[in-house]
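> coords below, sequence missing:
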């Protein structure tokens, strides 16, 4: 299966193409363009990491001098797809990264920078980035800042990254418990979406990616929801992913090209994220991002309904859709109870916050949306609190007022 062009993103920061299909020809092209002695040399960013390499080293020691290309890869992807990837990657210096929210930090970026330095990288170096959103965030941030910017290409390996984060140029780190507090805009040179990587994803990870796809479909309207109903199935391994990914990226492309730096309508893509990020933070990232976004959508819709910004029938329609597509949300009952009051301060840290409130991205009904400025007064806070004890709360079993 060769890759094929699916769309182009053009913005103030430049233009790049998105391809879908087999990633191996692109990896071999990168390896052939780099004058590196044969033999695999994988560096691990943490301790006791198993990789597909026979020659594992620690950061900064005994590393083959790089040519023009290096690889940053999720350690799990390196292990699970070693047979397929090794013929191409064995010719390139590789850094295996631990893809956890805890590692999406300054220290995580420092490990990448040290890897770049140890491999003699310079401004002509190109980084091949293979992984999901966390590896993308870390790598894009490091590439943006190393020598004030080196090129990188992205090979997303999670459904969430394939259908959402791979375009838009956002890269961010967590800081002192707050998700995505520090970040930059950094475009990849190109994106290669190979859905074969999805074969090793769990149901939970696939549902997490589907959360962003559902968000996108609700913003776009009935045509996207029809496409979604035709191609998404439970269990998710049976889903037809390519048309879902293409539709979600086409929607995101429109917002990104219109409002690259997120000051206007692009904020609509943050639908569900204000409360979703709060849930992630307060549960120490026990909830996968895409599922947190879906739960955030339900909470934000409820708040909008209580504030008179959304009709009850629209809330109920989307609420039932969420329950239909996300039975896996019941898994979240395994989480330790969290304080509802602990959620509210994270809303104050949302990037859409102003001195007068926070811009809530809401879908008033499929295909119709708004980004009203909602004051963070007692009425809004009471509406958030009420959700968790209401009959509509999908997660009332795991969130109890203390």
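That came in fine, so what should we check first? Note that this is a predicted model, so its numbers are computed, not measured.
> how far does the one helix or strand residue 358 maps to sit from its chain's centre?
If you go by DSSP states H and E, residue 358 is part of strand 357-359. Averaging C-alpha positions (C-alpha atoms, centre = their mean, to the nearest Å) puts strand 357-359 23 Å from its chain's average.
> average pLDDT for it, rounded please.
In this model, strand 357-359 carries a mean pLDDT of 91.
> domain map for this protein?
Per the record, the chain has its domains at 4-200, 204-389, by automatic domain parsing.
> now mean neighbour count too, for these, in TSV please.
The C-beta positions use only the backbone N, C-alpha and C, and glycine is treated the same way. Below are those laid out as TSV (neighbours: other C-beta atoms under 10 Å):
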stretch	mean neighbour count
domain 4-200	19
domain 204-389	19
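> re the thing from before, which SSE is immediately downstream of the strand holding residue 358?
Going down the chain from strand 357-359, the next helix or strand is strand 362-365, by DSSP H and E.
> once you drop chain neighbours, what's closest to residue 270?
Counting by C-beta to C-beta, 6 or more residues apart in numbering, the nearest residue to residue 270 once its immediate chain neighbours are dropped is residue 361, at 5.0 Å.
> now the one you found: how far from residue 223?
If you measure residue 361 against residue 223 using C-beta to C-beta, to the nearest Å, the figure is 20 Å.
> same check, this time on residue 304
24 Å.
> contact partners for the residue lying closest to residue 131 once chain neighbours are set aside?
When the adjacent residues along the chain are set aside, residue 131 lies closest to residue 74, with 3.5 Å between them (C-beta to C-beta, 6+ apart). Contact partners of residue 74, counting by C-beta atoms under 8 Å, 6 or more residues apart in numbering, are 96-97, 99, 130-132, 134-135, 157.
> can you put these in CSV and add secondary structure and pLDDT?
Compiled in CSV, those are given as follows (DSSP: H, G, I helix; E, B strand; the rest coil; pLDDT from 0 to 100):
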residue, secondary structure, pLDDT
96, strand, 97
97, strand, 98
99, coil, 96
130, strand, 98
131, strand, 98
132, coil, 98
134, helix, 97
135, helix, 98
157, coil, 98
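> looking at these, which is nearest residue 354?
Taking C-beta to C-beta as the measure, residue 354 sits nearest to residue 134 out of those, at 28.7 Å.
> how about that closest one: what's its closest non-neighbour residue?
Using C-beta to C-beta, 6+ apart and skipping residues adjacent in sequence, the residue nearest residue 134 is residue 99, 4.3 Å away.
> ok, now residue 288?
Taking C-beta to C-beta, 6+ apart as the measure, residue 288 lies nearest to residue 208, with 3.8 Å between them; neighbours along the chain are not counted.
> from residue 28, how far out is the one you found?
Applying C-beta to C-beta, one obtains 31 Å for the distance of residue 208 from residue 28.
> may I have the phi/psi pair for residue 8?
According to degrees, to the nearest 10, the main-chain angles of residue 8 amount to phi -120, psi 140.
> use 4 as the first number from now on
With 4 as the first residue, the last one maps to residue 11.
> what are the phi and psi values at residue 345?
With angles defined as degrees, to the nearest 10, residue 345 sits at phi -70, psi -20.
> what sits against it?
When contacts are taken as C-beta under 8 Å, 6+ apart, residue 345 is in contact with residue 285.
> residue closest to the middle of this structure?
Residue closest to the mean C-alpha point of the chain, counted by C-alpha atoms, centre = their mean, is residue 136 at 3.9 Å.
> check the gap between it and residue 303 for me.
Here residue 136 is placed at a distance of 21 Å from residue 303 (C-beta to C-beta).
> low-confidence stretches in the stretch 54-203 of the chain?
Counting by pLDDT under 70, the stretch 54-203 of the chain contains low-confidence ranges at 54-70.
> and the helices in this protein, which stretches?
With DSSP state H, the ranges of helices along the chain come out as 27-35, 78-83, 85-92, 109-121, 136-148, 162-163, 206-223, 225-234, 244-261, 276-285, 292-309, 315-328, 343-350, 381-392.
> the third one to helix 27-35, inter-axis angle?
Taking axes from the mean of the first three to the mean of the last three C-alpha atoms, to 10 degrees, one finds that helix 85-92 is oriented at 40 degrees with respect to helix 27-35.
> look up phi and psi at the residue lying closest to residue 26 once chain neighbours are set aside.
Nearest in space to residue 26, with sequence neighbours left out and distances taken as C-beta to C-beta, 6+ apart, is residue 197 at 4.0 Å. For residue 197, the backbone dihedrals (degrees, to the nearest 10) come out as phi -120, psi 100.
> wait, doesn't residue 197 sit right on residue 158?
Yes. With contacts counted by C-beta atoms under 8 Å, residue 197 reaches residue 158, the gap being 6.6 Å.
> what do these two both touch?
Common contact partners of residue 197 and residue 158 (C-beta under 8 Å, 6+ apart): residue 26.
> without its sequence neighbours, what residue ends up closest to residue 305?
Of all residues beyond its chain neighbours, the one nearest residue 305 is residue 390 (4.6 Å), with distances taken as C-beta to C-beta, 6+ apart.
> surely the one you found is in contact with residue 306?
Yes. Look at residue 390 against residue 306 with C-beta under 8 Å: they come within range, at 7.0 Å.
> circling back: okay if I get the helices of the chain as CSV plus distance to residue 20?
What follows is the helices of the chain, written out as CSV (distance: least, C-beta to C-beta, whole Å):
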stretch, distance to residue 20
helix 27-35, 11
helix 78-83, 22
helix 85-92, 20
helix 109-121, 25
helix 136-148, 17
helix 162-163, 21
helix 206-223, 20
helix 225-234, 23
helix 244-261, 12
helix 276-285, 27
helix 292-309, 25
helix 315-328, 31
helix 343-350, 36
helix 381-392, 41
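> of those helices, which is nearest residue 11?
helix 244-261 (8.3 Å).
> and that closest one, how far from the chain's centre?
Averaged over its C-alpha atoms, helix 244-261 has a centre that lies 14 Å from its chain's centre (C-alpha atoms, centre = their mean).
> check stretch 343-350 too.
Here the centre of mass of C-alpha atoms in stretch 343-350, compared against the chain's by C-alpha atoms, centre = their mean, lies 22 Å away.
> mean confidence score for that stretch?
Here stretch 343-350 scores 84 as its mean pLDDT.
> ok, and what's touching stretch 199-215?
25-26, 80, 83-84, 87, 158-167, 235, 238-240, 242, 244, 247, 251, 275, 291-297, 328-329, 331, 334.
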